[in-house]
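K.L.:
What would the 3D arrangement of this be:
(one chain, ligands or ions: 2)
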Amino acid sequence: MGPQRAGILNKELGVYSFHDLLYTFPYKYVDRSRLYRVSEIDGNMPYIQLKGQILSFETFGEGRQRRLVGHFSDGTGIIDLVWFQGLKFVTSKFKTREDYIIFGKPSVFNGRINVVHPDIDPASELTLNNMGLQPFYTTTERMKRSNFTSHALEKLMKNLFTALQNERMDETLSQQIIIQYKLMSITEALYTIHFPKSPELLRKAQYRLKFEELFYIQLNILLYTKEQRRKFRGLVFEHVGPIFNTFYSQFLPFPLTGAQKRVIKEMRRDMGSGRQMNRLLQGDVGSGKTLVALMTMLIALDNGYQACIMAPTEILAGQHLETISKFLKEMNVRVELLTGSVKGKKREAILKDLLTGDVQILVGTHAVIEDTVRFSSLGLVVIDEQHRFGVAQRAKLWVKNTCPPHVLVMTATPIPRTLAMTLYGDLDVSVIDELPPGRKPIQTVHQFENRRGSMYDFIRKQIRDGRQVYIVYPLIQENEKMDIKNLEDGYLNICEAFPEYKVSKVHGKMRPAEKEEEMQRFLRNETQIMVATTVIEVGVNVPNASVMVIENAERFGLSQLHQLRGRVGRGADQSYCILVTGYKLSEDTRKRIDIMVETCDGFEIAEADLKLRGPGDLEGTQQSGVAFDLKIADLAKDGQLLQYVREIAEKFLEEDPEANKLENAVVWQQLKEMRKKNVNWSVIS
Ligand code: ADP
Ligand code: MG
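P.N.:
Ligands and ions are numbered 1, 2, ... in the order given. Below you'll find the model as predicted:
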């Protein structure tokens, strides 16, 4: 192809070579092997294909209700093609009385059969008889403008296969694996994925390619972990000593839950094992992770090491300091706070005392990972709400001691197992699956925005009973000005509606000190209502707050909604979450709201989130530094295959740990190539 088109392929799809092109897979297929007749169609059929003409166009309705109907016939009957969008485009592109092949899913509306937003192609452009499934490729706006359509890509692909006809494609898996797991050859799989002769063959090709993709990812992670373990011995925390024991027997304000005990034991075992602990602690909001972190840190202290805990925001770091200082009030442990706003003499003093080891526990934000912060003997790092910390940031911590410190990563955003496996590889996972006793599940309701009156009555009643209320507005970075305006308007409305109460306001644009002051006022119950953006999302703890109102709830993702809801229900009182939305909701939004109303279980919500959004979108994964450019496997759907393939990769590594077997050469070579391209895949530590 000419340089111009090649340039478009480079830029738009990242395709530079035949290989790249071969691995540009269709996103869908259309079964073009069969034509139906209009007279056969009923509303319950899957996708169908018809050949015929549009007799006439008609428009109905006004404004948002407007729709275009094309009356379509093949001589055996008439059905309606319906468009709600792109009306102009459709009427200008498609002519009446010309032969088209249409494709779509029939449904029944007002007693007539409809196909909404069908695919339409001029009949002359499709060759039906030998086509089987027709591939459809993703194209970008720019490609469409240059008439570089899916059809064009399809042709390109055909040409490529013709040109390659006499070339054998190098196999990318060993013969043994191919035979043992009954996989298609790579040559056949690549051809079939573009031009499948039947749905069965397509499935086989997809299976082969997914298998391969997941196999190498898992092999890479397993190998990486193995190497890591060989390289890094862990600090050995031999005993639990007087600091832990004194705290446990004298100052623990309440009995630990069973889950907290179990998790502490798991970590104690890790830290005594001689290898570096890398543990992910998942526990729903309010499950008591901070205390677990603290007690783990005390074990480090007992063994003569320092510990540090990092939080994503200054507010949170401040709260951690307060919580930890309170717990340790009667004990002789030096705890200090280090954030960006700790400056000058104070900062110098802390830095100095970290180096001598006088500061035993350091609480901080990412300021802690700056190069100037050096420890005497850092033994344990706790990272709270980890998804705010990128991989590169975490990696900076490991060099803070000659032997890398143990690492505990805590999160209230439960990560589904399949994702954790790919994302964090061999990170060990602990779960706190039990809330402290006496917590009542938060009652969640959905409320349309035009019915604020009754909601305000409810809020008033709660405040009269001594409770406090959060009202949260969404923050979308692209339009900060709008967001602030939203928040300001909301704030004014609330002040007007509740003249008898004091209202706080907090948003991300405020100076940390101001923010802190407002938070403190709310915490002291000097203000009863907190109007805020999502800055309060993570960790903030005001046990007296019992109502969480989320405005524009449709603009939040599931995990964020769950996080926000977790700000209430922290005391013994019944708490409530009110999700406020407009009337018009997309299907996805509706599902999100329904899930929130139905369950408070973070894992259920995380699984639902994965299903609804797909893994690339999951909060955290984008910032985690892991490239999620899976070409064909889908973590939301291929969980079982992932599990299966992981076991195969484990077995493979067990049988050929030193890469000695000749028959595996192709696998090792393949892995090497992949590692060259893919830096830091599973690197969490
Ligand atoms: P999260 O897991 O969301 O970080 P926190 O550590 O903030 O939860 O704990 C939430 C609240 O529960 C805190 O007020 C904490 O003191 C309290 N808490 C923690 N463990 C227990 C327990 N075993 N029994 C009773 N309350 C507990
Ligand atoms: Mg917490």
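K.L.:
Only C-alpha atoms from now on, for both contacts and neighbour counts.
P.N.:
Fine.
K.L.:
Could you tell me the per-residue confidence at the nearest residue in space to residue 645 that is not next to it in sequence?
P.N.:
Nearest residue to residue 645 in three dimensions, chain neighbours excluded: residue 215, at 5.6 Å (Cα to Cα, 6 or more residues apart in numbering). Residue 215 carries a pLDDT value of 94.
K.L.:
Near residue 215, how many residues? Count them for me, please.
P.N.:
Taking other Cα atoms under 10 Å as the neighbour definition, residue 215 ends up with a count of 22.
K.L.:
right, and it touches residue 643 too?
P.N.:
No - contact criterion Cα atoms under 8 Å: residue 215 and residue 643 do not qualify, at 10.0 Å.
K.L.:
what residues are up against the residue nearest to residue 645?
P.N.:
Applying Cα atoms under 8 Å, 6 or more residues apart in numbering to residue 215 gives the contacts 645-646, 648-649.
K.L.:
what does residue 6 give?
P.N.:
residue 16.
K.L.:
So it: helix, strand or coil?
P.N.:
helix (DSSP: H, G, I helix; E, B strand; the rest coil).
K.L.:
And it, how far from ligand 1?
P.N.:
According to Cα to the nearest ligand atom, to the nearest Å, residue 6 and ligand 1 sit 52 Å apart.
K.L.:
Flag every buried residue along the lengthiest helix in the chain.
P.N.:
Longest helix of the chain, by residue count under DSSP state H: helix 199-231. Of the residues in helix 199-231, 201-202, 204-225 count as buried by neighbour count, 16 or more other Cα atoms under 10 Å.
K.L.:
how far is that helix from where the chain is centred?
P.N.:
21 Å (Cα atoms, centre = their mean, to the nearest Å).
K.L.:
Which of the helices or strands spans residue 486?
P.N.:
helix 480-497 (DSSP states H and E).
K.L.:
Quick one: residues contacting the one residue in the stretch 51-200 of the chain that gets nearest to ligand 1.
P.N.:
At 41.6 Å from ligand 1, residue 138 is the closest residue in the stretch 51-200 of the chain, using Cα to the nearest ligand atom. Applying Cα under 8 Å, 6+ apart to residue 138 gives the contacts 26-27, 150.
K.L.:
Can you check the pLDDT for the closest residue to ligand 1 within the stretch 1-150 of the chain?
P.N.:
Closest residue of the stretch 1-150 of the chain to ligand 1, Cα to the nearest ligand atom: residue 27 (40.0 Å). In this model, residue 27 is scored at 87, pLDDT.
K.L.:
ok, it - how many residues close by?
P.N.:
Neighbours of residue 27 using other Cα under 10 Å come to 10.
K.L.:
surely it meets residue 137?
P.N.:
Yes - in this structure residue 27 lies within contact range of residue 137 using Cα under 8 Å: 5.7 Å.
K.L.:
which residues are common contacts for these two?
P.N.:
With Cα under 8 Å, 6+ apart, residue 27 and residue 137 have no common neighbours.
K.L.:
From the structure, what's the count of residues near residue 642?
P.N.:
Counted with other Cα under 10 Å, residue 642 comes out at 25.
K.L.:
so it is in which element?
P.N.:
Using DSSP H and E, residue 642 falls in helix 639-655.
K.L.:
Rounded mean pLDDT for the next helix or strand along the chain from that helix, please.
P.N.:
Using DSSP H and E, the next helix or strand after helix 639-655 towards the C-terminus is helix 665-677. Averaged over helix 665-677, pLDDT sits at 88.
K.L.:
Point out the other helices and strands that helix 665-677 packs with.
P.N.:
Applying 3 or more Cα pairs under 8 Å, 6 or more residues apart in numbering; DSSP states H and E, we find helix 665-677 packed against helix 199-231.
K.L.:
tilt between the helix it packs on and helix 639-655?
P.N.:
50 degrees (axes from the mean of the first three to the mean of the last three Cα atoms, to 10 degrees).
K.L.:
Show me the shaky parts of the stretch 401-550 of the chain.
P.N.:
Counting by pLDDT under 70, the stretch 401-550 of the chain contains low-confidence ranges at 414-427, 476-481, 483, 535-540.
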